[in-house]
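A.B. asks: below are the sequence and a predicted model for it; my questions follow.
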Amino acid sequence: MYVGRNFETKDEFKIVLFIHAINQVFRFRFVRYKKCYLVAQCVDKLCDWRVYAHQIGDSEEYEVRKVKLEHICDVETRGQFTKHATSKVMSALLRSKYVNVLGGPRARDLPEVVLGEHNVTASYWKCWKARELAVASAQGTEESSYLLLPLYLHLLQVANPGTVYHLLIEDDEVGEERFKFAFVALGASIQGLKYIRRVVVINRTHLHGKYNGCLLTASGQDANFQVFPIAFAIVDSENHDSWTWFMEKLKDIVHDGTDLTIISDRHQSIYHAKSLVYPRAHHGCCLVHLKCNIRSLYSRTVGLVWKAGEAFRVKDFNKWYGRIKKRKPQCWKYLQKIGVAHWPRAHFKGERYNLLTNNIAESLNHALLPARDSPIVALIEFFRKMLSRWFESRRKKVTNCRGYISVEVEKFLKKQLKESIGVQVRLASAWDCEITAKDGQKFHVSLEKRTCTCRAFQLLQIPCSHAMAAAKARGLEYQSLVGHMHKKDTWRPTFDGVILPLQDPSEVNVPECIMIRYILPPETKRPPGRPPKTRIPSTGEFEKSKTSSKQNRCGRCNGLGHNRVRCSVPLR
């Protein structure tokens, strides 16, 4: 605090003065509180400490004109400095911890944080309110975020050419515009889309902000088996309208065709939207979700369903499928209604490669967890920063990669190499070989057509153990048998796109229609209680512990495991 220091507003001067008092351990009060000036002095009338600030002209700025910073007050008076630590002041102290939208400390951890950093003892509820104010100050409120959304999306498109966004607005009963849906696909993702396989995994995750909503995502997999986000949308809920609208916008980026495969869970709205928007594409069921459904209904057949689903050959599928029918006919009928062309790999008509589940979409949802309770603009900005970080790290990984194939494919080949040791190879022609495995099974490998009767070679586009044994007998390099979508030359241009930060609005030519657009938040009602922070497991997602026994609940004391005879609670 010194003479000549300027502050943008009166509130900023007051907050800074409160923080100064907390750091210097003393207490003051305002003795002159007028429209154009403020006078603060120590609460001890014998102390000469005083600060005088005056308004600068007709602006909102304030300037410190006079200061006297020496204290002669006693220790009892100075010990009352914690009274200045209001939730508003504490939010200013904690604001920097929530600027980057990476979570920040939780409310239950803040009492220890403010005590260690600022020597202030605060209750949980004061810290909770301070955290809410700090988040709103750093990231903006939910309402202001919707107002800034059109401007933010325009700046995002200007900074990253090729970015596609769509904003759907609906009119309420009064005629005011309210947010409905938002779709965003960054230009770098669209640019790298042509270098990944035509398999799109779609999924949704719930948002925990003030207005709830759902985040719909579409992602693929790069040559290194890593998540490649394609597009995402923020909608009100998971229903027919939201999924249909999302897929209609996604179709402008990912075109329909018989070479396209869509993988998702078995939500009815996804099936409805896919039949309308992507009628030619193949649709595969996530094997993990199917496994969870089977576990909740027919738990004894879960292992058989998984083995049948991941089998490459129809022969192996029929073996496991027959065992399911013998063990649990009801489960077999349930799978028959789904259709054998929809969930097992052996009967799937399209190309799934190694993607039997939507695990890459679940991984993307987990990465977005810190921002799922943030305002909508902060959520999109978090997504942009995350993708910018991913693209840069993967560019470095491609540069450091040696050889002609990606790192994960190299690991897969090393695993197949171990399994190929000890098998018998009989040469039938220049390109055809007969492989006899250790268990006596015989396989035919065609190195020219890149096929094997085990079907793993042609479905994965990566040589299986039989193909590697044949390649060794013919003196061919293993990497030459890998499909082009797994090679380094395809992996490198996938991440050539650069995701740049937004420019200052004053330096960009923003159309007038965007500047004057006034969007209100959606009309949603937040349910009572504290918003959940963790995902609620689906039915059958986790197996019950075999050692746990059924617990009895006592009707008198509502306790678990109590004996009714020995319970001391009297009957009413």
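C.D. replies: Good, I have the coordinates. The structure presented is a predicted model; accordingly, all values stated were derived computationally and were not measured.
A.B. asks: now name the helix or strand holding the closest residue to Val423 other than its chain neighbours.
C.D. replies: Once flanking residues are discounted, Val423 sits nearest to Ala469: 4.9 Å by Cβ to Cβ, 6 or more residues apart in numbering. Backbone N, C-alpha and C define where each C-beta goes, glycine included. Assessed by DSSP states H and E, Ala469 sits inside helix 465-474.
A.B. asks: show me what whichever helix or strand comes after that helix is in contact with.
C.D. replies: Next in sequence after helix 465-474, counting helices and strands by DSSP H and E, comes helix 488-491. For helix 488-491, the external contacting residues (Cβ atoms under 8 Å, 6 or more residues apart in numbering) are Tyr195, Asp222, Ala223, Asn224, Val398, Cys401, Gly403, Tyr404, Ile405, Ser406, His484.
A.B. asks: tell me which residues in stretch 20-29 are buried?
C.D. replies: His20, Ala21, Ile22, Phe26, Arg27, Phe28 (16 or more other Cβ atoms under 10 Å).
A.B. asks: equivalent analysis for stretch 432-451, please.
C.D. replies: For stretch 432-451, by 16+ other Cβ under 10 Å, it's Asp432, Cys433, Glu434, Ile435, Ala437, Phe443, Val445, Ser446, Leu447, Arg450, Thr451.
A.B. asks: tell me what the fourth one is bridged to.
C.D. replies: Going back to what we said before, that points to Ile435. Val425, Phe443 (DSSP bridges).
A.B. asks: ok, it touching Gly422?
C.D. replies: No. Look at Ile435 against Gly422 with Cβ atoms under 8 Å: they stay out of range, at 11.4 Å.
A.B. asks: pick out the residue nearest the middle of this protein.
C.D. replies: Leu368 (2.3 Å; Cα atoms, centre = their mean).
A.B. asks: low-confidence stretches in the protein?
C.D. replies: The chain contains residues with pLDDT under 70 at 100-104, 525-528, 530-572.
A.B. asks: before we move on, back to that, report the two of the contacts of helix 488-491 separated the most.
C.D. replies: Based on Cβ to Cβ, the longest span within these runs between Tyr195 and Gly403 and measures 18.1 Å.
A.B. asks: out of those two, which sits in the more crowded spot?
C.D. replies: Neighbour tally, Tyr195 and Gly403, criterion other Cβ atoms under 10 Å: the higher count belongs to Tyr195, 20 against 11.
A.B. asks: what's near enough to touch the closest residue to the more buried one other than its chain neighbours?
C.D. replies: Spatial nearest neighbour of Tyr195, chain neighbours left out: Thr494 (4.3 Å); criterion: Cβ to Cβ, 6+ apart. Shown in contact with Thr494 (Cβ under 8 Å, 6+ apart): Gly192, Tyr195, Ile196, Asp222, Ala223, Phe228, Arg394.
A.B. asks: try it again with 6 Å
C.D. replies: By Cβ atoms under 6 Å, 6 or more residues apart in numbering, the contact set of Thr494 is Gly192, Tyr195, Asp222.
A.B. asks: mind checking the SS state of the first one?
C.D. replies: On the three-state scheme (DSSP: H, G, I helix; E, B strand; the rest coil), Gly192 is labelled helix.
A.B. asks: what sits against it?
C.D. replies: Thr494, Gly497.
A.B. asks: and it, how far from Lys129?
C.D. replies: 44 Å (Cβ to Cβ, to the nearest Å).
A.B. asks: with Ala122 instead?
C.D. replies: From Ala122 over to Lys129 (counting by Cβ to Cβ), the distance is 10 Å.
A.B. asks: and the two? Which one has more around it.
C.D. replies: Neighbour totals were compared for Ala122 and Lys129, and Ala122 leads with 22 against 18 (other Cβ under 10 Å).
A.B. asks: check the gap between that one and Leu417 for me.
C.D. replies: Using Cβ to Cβ, Ala122 is found at 61 Å from Leu417.
A.B. asks: who are the packing partners of the biggest helix by length in the chain?
C.D. replies: In the chain, taking DSSP state H as the definition, the longest helix is helix 376-400. Packing partners of helix 376-400 (3 or more Cβ pairs under 6 Å, 6 or more residues apart in numbering; DSSP states H and E): helix 142-159.
A.B. asks: pull the residues that contact the helix it packs on.
C.D. replies: Outside helix 142-159, the residues that touch it by Cβ under 6 Å, 6+ apart are 163, 165, 179, 210, 375-377, 500, 502-503, 508, 514, 517, 519, 521.
A.B. asks: distance between the longest helix of the chain and the chain's centre?
C.D. replies: 12 Å (Cα atoms, centre = their mean, to the nearest Å).
A.B. asks: kindly report the same for stretch 211-221.
C.D. replies: 8 Å.
A.B. asks: before we move on, the earlier item: just give me the closest of the contacts of Thr494 to Asn203.
C.D. replies: Asp222 (17.6 Å).
A.B. asks: does the closest one really touch Phe228, like I thought?
C.D. replies: Yes. The pair Asp222 / Phe228 is scored as a contact, 4.7 Å apart, by Cβ atoms under 6 Å.
A.B. asks: the more surrounded of these two?
C.D. replies: Counted by other Cβ under 10 Å, Asp222 and Phe228 do not tie: Phe228 has more neighbours, with 26 against 23.
A.B. asks: C-terminal to the helix or strand where the more buried one lies, what's the next element?
C.D. replies: Using DSSP H and E, Phe228 maps to strand 227-235. Downstream of strand 227-235, the next assigned helix or strand under DSSP H and E is helix 240-251.
A.B. asks: from the buried residues of stretch 432-451, pick the one nearest Ala188.
C.D. replies: Using Cβ to Cβ, the buried residues of stretch 432-451 come closest to Ala188 at Arg450, 31.9 Å.
A.B. asks: flag every buried residue along the longest helix of the chain.
C.D. replies: Across helix 376-400, burial judged by 16+ other Cβ under 10 Å covers 376-388, 390-391, 394-395, 398.
A.B. asks: if we can go back for a sec, need the contact list for the residue nearest to Val423.
C.D. replies: Taking Cβ under 6 Å, 6+ apart, we find Ala469 in contact with Ser420, Val423, Val425, Ile435.
A.B. asks: also Cys73?
C.D. replies: Residues in contact with Cys73 (Cβ under 6 Å, 6+ apart) are Cys42, Asp44, Cys47.
A.B. asks: who wins on neighbours among those residues?
C.D. replies: Highest neighbour count within the contacts of Cys73: Cys42, with 23 neighbours (other Cβ under 10 Å).
A.B. asks: relative to Met1, how far out is it?
C.D. replies: Cys42 is 13 Å from Met1, where distance means Cβ to Cβ.
A.B. asks: what of Arg372?
C.D. replies: Distance from Arg372 to Met1, counting by Cβ to Cβ: 41 Å.
A.B. asks: of these two, who's got more company?
C.D. replies: Set Arg372 next to Met1 and count neighbours by other Cβ under 10 Å: Arg372 wins out with 19 against 15.
A.B. asks: the more buried one and His206 touch, don't they?
C.D. replies: No. Counting by Cβ under 6 Å, Arg372 does not reach His206; the two are 7.6 Å apart.
A.B. asks: can I get the CA coordinates of the host helix or strand of Ala138 in CSV?
C.D. replies: Element membership for Ala138 (DSSP H and E) is helix 124-139. Taking Å, rounded to 0.1, in the frame of the first residue of the first chain, the C-alpha atoms of helix 124-139 are listed here in CSV:
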residue,chain,number,x,y,z
TYR,A,124,-16.2,-25.4,6.1
TRP,A,125,-19.3,-23.4,5.0
LYS,A,126,-17.3,-20.2,4.7
CYS,A,127,-14.7,-22.1,2.6
TRP,A,128,-17.4,-23.6,0.5
LYS,A,129,-18.9,-20.2,-0.3
ALA,A,130,-15.4,-18.8,-0.9
ARG,A,131,-14.8,-21.6,-3.4
GLU,A,132,-18.0,-20.9,-5.2
LEU,A,133,-17.2,-17.2,-5.5
ALA,A,134,-13.6,-18.0,-6.6
VAL,A,135,-14.8,-20.4,-9.3
ALA,A,136,-17.3,-17.8,-10.6
SER,A,137,-14.7,-15.1,-10.6
ALA,A,138,-12.1,-17.3,-12.4
GLN,A,139,-14.4,-19.1,-14.8
